[in-house]
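[1] what's the 3D shape of this:
(one chain, ligands or ions: 1)
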Amino acid sequence: MELATVLWVACVPIFLAIVSTMMARRRPMLSQTTKLSPSPPPMAAEAPLLGILPVLLAKGPLQVIRDAHTEMGSVFTVRLLHRKVTFLVGPDVSSHFYQGLDLEISQDEVSQFTIPTFGPGVAFDVDFATRPEQFRFFGDAMKPAKLRTYAGLMVREVEEYFARWGQSGTVDLKQELEHLVTLVASRCLFGEEVRAKMLGEVATHLRELNDGMRLVTILFPHLPIPAHRRRDRARARLGEIFSGVVSSRKASYPDCGPDDMLQCLIDSRYKDGRATTETEVVGMLVVSALFAGQHTSSSTSTWTGARLLARANSEHLRAAVREQERVVARHGDRVDYEVLQEMDTLHRCVKEVLRLHPPAMLLLRHARRSFTVRTREDDEYEVPEGRTVASPLVLHNRLLYVYMDPERYEPDRFGPGRGEDVAGGAFSYTAFGGGRHACVGEAFAYMQIKVIWTALLNISRLRVSVDCSAVRSYAACRFALGRIVPHFGLSKPH
Ligand code: HEM
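    Here you go, the predicted structure:
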């Protein structure tokens, strides 16, 4: 997902396909050229795509990718059908990927397939000059003054939701949090109009949009398959719903509307003074709803539970609960923007989840000009013009030379006196991207997840028990997000 980081979900299959090609190689075919003229990145040998699938399923994709990296080093190229993809792993070789000018290394060529999902007039359907302005509108809608308002809306939504849980029972955490994240995002983004009347329908169509991102979508975004047809119908219907909302909002509040993201987007102005059009506002609502209300925040919320409630991490759960107790002692039941900012322990617990389970597992760019990278081992490679370039976050955030015991869930690694991500230098932690296209919704996402877990940790003080075997298999099965779920059992205090 560039914005294409929506790729995240979509990129799972493409990533698997790429990696399967990689793993079939035997030895890296390093170029014989001298260091004077940088050679192209080593190229993986070709292999039938399905050949590796059994190994992939047996070992798990992360291990397979890690093996490929161990074998080939931090810069390597693989072929996917007609396309060569160069992988850059680690901060040393990633600065151009994240910092380079759009004219030199761009998201456009690798993100066109998102246009049917996001719709016209937004993201990769607009030019280089317009897009950053539109992303600035998101940024403006995420400034602290706005976040203060959203915090109140989020807390209300979350409290109402958990009040419906009752005192005891078992819940499907993944399903519950998916639903809750959509409710929270909707309340902050769309306002009462959507929430009150058609939330169920909007949530269904957003899911259909998300599901319409397949491997085949990246190569053939308009192929007439059922998932694409559902996507197109969903996008058309969302367009109608949101257009209605935008026009009625404009009619009802000609001067000053409610304090939500919809109003921010309506009020936004381009540098030349032009107002946003209805089509653009609708497109931006779809983009923000997909970012804020779907996979990224809901998978992170669920992973936070899976990690914190695993027996091996009970000390971190205790630390997070103790922090809640301190916060309650200081502020009573008040949970707002300022109070949430004080929850450093919970923040680090979520940040560590994102390091280990980044929803955006792979970011892509297109090299419009060739560029050179130098590895930690002092090898230099020239990535040629025209090449697709990938930053696999799924590896990048687990490097042994940046993170101590990187496979361990260890939120304190970001704490005072350690700061491993800072010590590792720029682009050591990239769950939210970095540099020129860093995520503009990071603060919103943290707030959303912290509001949810603040409520759950406080319920948890009643007593939470978790089926750890379910959590373990969930944790082991990153790619089966849709199928394996941990279950909570909430029971009354003794
Ligand atoms: C846990 C939640 C989230 C994660 C892990 C996440 C991750 C990312 C990443 C990795 C990128 C960089 C993409 C690239 O370089 O190609 C990105 C960009 C972006 N994100 Fe997020 N994101 C999250 C939530 C949000 C939310 C809530 C919003 C807004 C409502 C948002 C809006 C954006 C936008 C507009 C960009 C594009 C920025 C640009 O290209 O200049 N994200 N996000």
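[2] Just the element for residue 282, please.
    Assessed by DSSP states H and E, residue 282 sits inside helix 278-293.
[3] thought residue 210 was touching residue 294?
    Yes - counting by Cβ atoms under 8 Å, residue 210 does reach residue 294; the two are 5.1 Å apart. For glycine as for every other residue, the C-beta is placed from the backbone atoms N, C-alpha and C.
[4] Mind checking which of these two has more residues around it?
    More crowded of residue 210 and residue 294, by other Cβ atoms under 10 Å: residue 294, with 23 against 19.
[5] Give me the pLDDT for the more buried one.
    On pLDDT, residue 294 comes in at 70.
[6] Repeat that for residue 485.
    At residue 485, the pLDDT value in this model is 40.
[7] ok, the residue of the stretch 351-494 of the chain at minimum distance from the ligand - contacts?
    Residue nearest to the ligand within the stretch 351-494 of the chain: residue 441 (2.1 Å; Cβ to the nearest ligand atom). By Cβ atoms under 8 Å, 6 or more residues apart in numbering, the contact list for residue 441 reads 138, 142, 288, 291, 292.
[8] Distance of it relative to residue 164?
    According to Cβ to Cβ, to the nearest Å, residue 441 and residue 164 sit 27 Å apart.
[9] Ok, residue 208 next?
    26 Å.
[10] higher neighbour count, these two?
    Taking other Cβ under 10 Å, residue 208 and residue 164 do not tie; residue 208 has more neighbours (19 against 6).
[11] Number of residues surrounding the residue lying closest to the more buried one once chain neighbours are set aside?
    Of all residues not flanking residue 208 in the chain, residue 234 sits nearest, at 3.8 Å (Cβ to Cβ, 6 or more residues apart in numbering). Residue 234 sits with 23 neighbouring residues when counted by other Cβ under 10 Å.
[12] likewise the one 10 residues further on?
    When neighbours are defined as other Cβ under 10 Å, residue 244 has 14 of them.
[13] do you know how far it is from the ligand?
    22 Å (Cβ to the nearest ligand atom, to the nearest Å).
[14] when you give positions from now on, start the count at 699
    Got it, the first residue is 699 from now on, which makes the last one we talked about residue 942.
[15] Torsion angles phi and psi at that residue?
    phi -60, psi -40 (degrees, to the nearest 10).
[16] What of residue 776?
    phi -130, psi 160.
[17] was I right about it contacting residue 740?
    No - if you go by Cβ under 8 Å, residue 776 and residue 740 don't touch, sitting 10.1 Å apart.
[18] Up against the ligand, what does the stretch 949-1098 of the chain have?
    With Cβ under 6 Å from any ligand atom as the criterion, the stretch 949-1098 of the chain comes near the ligand at residues 986, 989, 990, 994, 995, 998, 1052, 1057, 1058, 1061.
[19] Quick one: the helices in the stretch 749-898 of the chain, in order.
    Ranges of helices in the stretch 749-898 of the chain, per DSSP state H, counting those that start in this stretch, are 751-757, 759-770, 793-797, 813-816, 828-838, 842-861, 871-887, 890-909.
[20] Find the residue closest to residue 890 in space, skipping its chain neighbours.
    Excluding its sequence neighbours, the residue lying closest to residue 890 (Cβ to Cβ, 6+ apart) is residue 956, at 7.3 Å.
[21] name the element that neighbour belongs to?
    Judged by DSSP H and E, residue 956 forms part of no helix or strand.
[22] Compute the number of surrounding residues for it.
    13.
[23] quick one, phi/psi of it?
    Dihedral angles for residue 956 - degrees, to the nearest 10 - are phi -60, psi 170.
[24] For this protein, which residues score under the pLDDT cut-off?
    Applying pLDDT under 70 to the chain flags residues 699-734, 743-763, 779, 865-868, 990-991, 1157-1192.
[25] Which parts of it are strands?
    773-778, 781-786, 803-804, 867-870, 1060-1065, 1069-1072, 1078-1081, 1086-1090, 1162-1164, 1185-1188 (DSSP state E).
[26] Show me what the shortest one is packed against.
    The reference is to strand 803-804. Counting contacts by 3 or more Cβ pairs under 8 Å, 6 or more residues apart in numbering; DSSP states H and E, strand 803-804 packs against strand 1060-1065.
[27] quick one, the strand it packs on and strand 1086-1090 angle?
    150 degrees (axes from the mean of the first three to the mean of the last three Cα atoms, to 10 degrees).
[28] chain center to strand 1060-1065, what's the gap?
    15 Å (Cα atoms, centre = their mean, to the nearest Å).
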